[in-house]
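A.B. asks: I need the structure of the sequence given here:
(one chain, ligands or ions: 1)
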Amino acid sequence: MEIIVKQDYDQMSRCAAEHIAELIRKKPNSVIGFATGRTPIGTYRELIRMHKEEGLDFSQVVTFNLDEYLGLGMDLSKPYALDQSYQRFMYEELFNHINIKKENIHIPDGLTKNPDEFCKAYEEAIKEAGGIDLQILGIGGDGHWAFNEPGSTLDSRTRVEKLNEQTIKDNYEAFYKEAGFTMDEMPHYAITMGLGTILEAKSLLMLANGAKKAKVVAKALYGPVTDQVTASAIQVYKGKATIILDKEAASML
Ligand code: GLP
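C.D. replies: Numbering: from 1, shown residues only. Modelled structure (predicted):
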């Protein structure tokens, strides 16, 4: 794996966007796995800038998102802050601002009536698209990838996962709190790609910033490979993994 340490969040974001853009220029019909969370927002802003100013073309790009809260779906009757679905996040933060085709966007359907069937179909759709060329990842406070909470196995597939207390608290602090929600309103379940699904991507791009992530990043990259820190799966990954960190997130390496 290649670890790149940048001075700050903006430089981390620019470097990550350049990495993604390079793939799109080389392979215009790339299949890209997108992630949500605070971490990739700067990267998405930079991709939007590259689209607007440099003509970066997303017209043939196919996307698969990592996860979605169970019970939530995009609700355009609400203002963005009150619609905490990951689907809304992706449209607001990226898809609305680039020339991606709607039919090429795949995000787990949190409103599905049959989650098990949906999860199987999602896996199939990834296969039919030829697999994911590049999967973008953040890292949760408890070391998770997507919503693969502690206990998730390396061969886990897309499924419904129960969120643990730390994740619920972290995501409340990061998004729900400032929109005026209470902790009771936090979703407790999500649909998530499995670790096995993620490890099948042809390349990975993991991002982390801020001192709060330093300990868990060190555990994931250099600690034991354990189901208690599911991002430690990166150590057994066979493809090309690139990790871009800001100085603070890299401070315990
Ligand atoms: C959520 C998402 C993860 C993301 C994590 C970290 O749990 N399911 O995909 O990596 O949050 O989010 P942030 O980037 O806001 O720290």
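
A.B. asks: and for stretch 92-100, what's in contact with it?
C.D. replies: For stretch 92-100, the external contacting residues (Cβ atoms under 8 Å, 6 or more residues apart in numbering) are 34, 41, 44-45, 47-48, 51-52, 56-59, 61, 63, 80, 105. All C-beta atoms are positioned from the backbone trio N, CA, C, and that covers glycine.

A.B. asks: from these, which is closest to the ligand?
C.D. replies: The ligand lies nearest to Ile41 out of the contacts of stretch 92-100, by Cβ to the nearest ligand atom, at 8.2 Å.

A.B. asks: please name the nearest non-neighbouring residue to that closest one.
C.D. replies: Excluding the flanking residues, the one nearest Ile41 by Cβ to Cβ, 6 or more residues apart in numbering is Glu93, at 5.8 Å.

A.B. asks: and the one you found, how far from Phe34?
C.D. replies: 10 Å (Cβ to Cβ, to the nearest Å).

A.B. asks: closest residue of the stretch 51-200 of the chain to the ligand?
C.D. replies: Gly138 (2.7 Å).

A.B. asks: so that residue touches Thr39, yeah?
C.D. replies: Yes. Using Cβ atoms under 8 Å, Gly138 makes contact with Thr39 at a distance of 4.1 Å.

A.B. asks: joint contacts of those two?
C.D. replies: Leu207, Ala208.

A.B. asks: with neighbour numbers in mind, choose between those two.
C.D. replies: Per other Cβ atoms under 10 Å, whichever of Gly138 and Thr39 has more neighbours is Thr39, with 25 against 20.

A.B. asks: mind checking how far the more buried one is from Lys26?
C.D. replies: For Thr39 relative to Lys26 (Cβ to Cβ), the value is 24 Å.

A.B. asks: Thr226 now?
C.D. replies: Where Lys26 is concerned, Thr226 sits at a distance of 35 Å (Cβ to Cβ).

A.B. asks: do Asp10 as well
C.D. replies: 25 Å.

A.B. asks: these two: which is more packed in?
C.D. replies: Using other Cβ under 10 Å, the more surrounded residue of Asp10 and Lys26 is Asp10, with 14 against 9.

A.B. asks: wait, what's in contact with the residue of the stretch 51-200 of the chain closest to the ligand?
C.D. replies: Ala35, Thr36, Gly37, Thr39, Pro40, Met206, Leu207, Ala208.

A.B. asks: any idea how far Ala220 is from Thr63?
C.D. replies: 24 Å.

A.B. asks: more neighbours: which of these two?
C.D. replies: Between Ala220 and Thr63, Ala220 has the larger neighbour count (other Cβ under 10 Å), namely 25 against 21.

A.B. asks: out of Glu93 and Phe34, which sits in the busier spot?
C.D. replies: Between Glu93 and Phe34, counting by other Cβ under 10 Å, Phe34 is the more crowded of the two (25 against 19).

A.B. asks: hey, where'd the helices end up in this protein?
C.D. replies: Taking DSSP state H as the criterion, the chain carries its helices at 9-26, 41-54, 86-93, 115-128, 165-171, 195-199, 214-222.

A.B. asks: is there proximity between the shortest one and the ligand?
C.D. replies: No. Using Cβ under 6 Å from any ligand atom, we find that helix 195-199 stays clear of the ligand, coming within 10.3 Å at best.

A.B. asks: and that helix, C-alpha only, in PDB?
C.D. replies: The C-alpha trace of helix 195-199 is given here as PDB (Å, rounded to 0.1, in the frame of the first residue of the first chain):
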ATOM      1  CA  LEU A 195     -15.700  -6.300   3.500                       C
ATOM      2  CA  GLY A 196     -15.600  -9.100   0.900                       C
ATOM      3  CA  THR A 197     -17.300  -6.800  -1.600                       C
ATOM      4  CA  ILE A 198     -14.900  -3.900  -0.900                       C
ATOM      5  CA  LEU A 199     -11.800  -6.200  -1.100                       C
END
